[in-house]
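> I would like the atomic coordinates for the input below:
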Amino acid sequence: MIQGRFLDIIFASLVAFVAADKLPVHIPIVAETRQEPVDGASASDFESGNGIRFIQKAVAGGAGQSNAEGVFSYPDEHGNVIEVRYVANEFGYQPQGAHLPVAPPAPAHVADLLRIAAEQRAAGITFE
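Numbers count the residues shown, from 1 in each chain. Here you go, the predicted model:
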């Protein structure tokens, strides 16, 4: 549930950031639904009058965490809609969006190093 609350904080910060240069303007909430947590499962759907949208569904994870997935979007300064889809689980927060930077491909020797490390682990070799 910590990740779900963390994402709510991120979303609230995003709303504050987008609205900061337009204060004091009242931005209405045009739609909001919430499924309160039951056995680790919850859902949220939120839309504001300035085009911000947030949808999230969460379920209890196997290691005590909350596994969430969702999407949020907002208009940028040019009126384009920026959309981020994400998963947040035991592997961390994993956002995806056309506007997000992409790392360059790993150099070829990295695959060799990963193969060697896997062979060492299989042989019982560990490093501290």
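
> Partner strands of whatever helix or strand residue 36 lives in and their direction?
Secondary structure assigned from DSSP states H and E places residue 36 in strand 29-38. In the sheet, strand 29-38 lines up against strand 41-48 (antiparallel) (DSSP bridges).

> Report the buried residues of the strand holding residue 36.
With burial defined by 16 or more other CB atoms under 10 Å, not one residue of strand 29-38 is counted as buried. In this view, the C-beta of every residue, glycine as well, is placed from N, C-alpha and C.

> now that strand, how far from the centre of its chain.
Chain-centre distance of strand 29-38: 18 Å, with CA atoms, centre = their mean, to the nearest Å.

> contact partners of it?
1, 4, 41-49, 58 (CB atoms under 8 Å, 6 or more residues apart in numbering).

> One more: stretch 77-94?
By CB under 8 Å, 6+ apart, stretch 77-94 touches 3-4, 6-7, 51, 61-63, 65-76, 95-100.

> Could you pull up the mean pLDDT of that stretch?
Per-residue pLDDT over stretch 77-94 has a mean of 93.

> Lowest-scoring secondary structure element of the chain by mean pLDDT?
Between all helices and strands in the chain, the lowest mean by mean pLDDT, DSSP states H and E belongs to helix 2-20, at a mean of 65.

> hang on, the earlier thing: quick check: strands, which of the contacts of stretch 77-94 are part of them?
Of the contacts of stretch 77-94, the ones assigned to strands by DSSP state E are 66-75, 95-96.

> what would those look like in a markdown table with neighbour count?
Listed next are the ones in strands among the contacts of stretch 77-94 as a markdown table, based on neighbours: other CB atoms under 10 Å:
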| residue | neighbour count |
| --- | --- |
| 66 | 21 |
| 67 | 20 |
| 68 | 23 |
| 69 | 15 |
| 70 | 20 |
| 71 | 15 |
| 72 | 22 |
| 73 | 16 |
| 74 | 20 |
| 75 | 13 |
| 95 | 12 |
| 96 | 11 |
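
> For the residue nearest to residue 48 when sequence neighbours are not counted, the count of nearby residues, please.
Once flanking residues are discounted, residue 48 sits nearest to residue 27: 5.3 Å by CB to CB, 6 or more residues apart in numbering. Applying other CB atoms under 10 Å, we find 15 other residues in the vicinity of residue 27.
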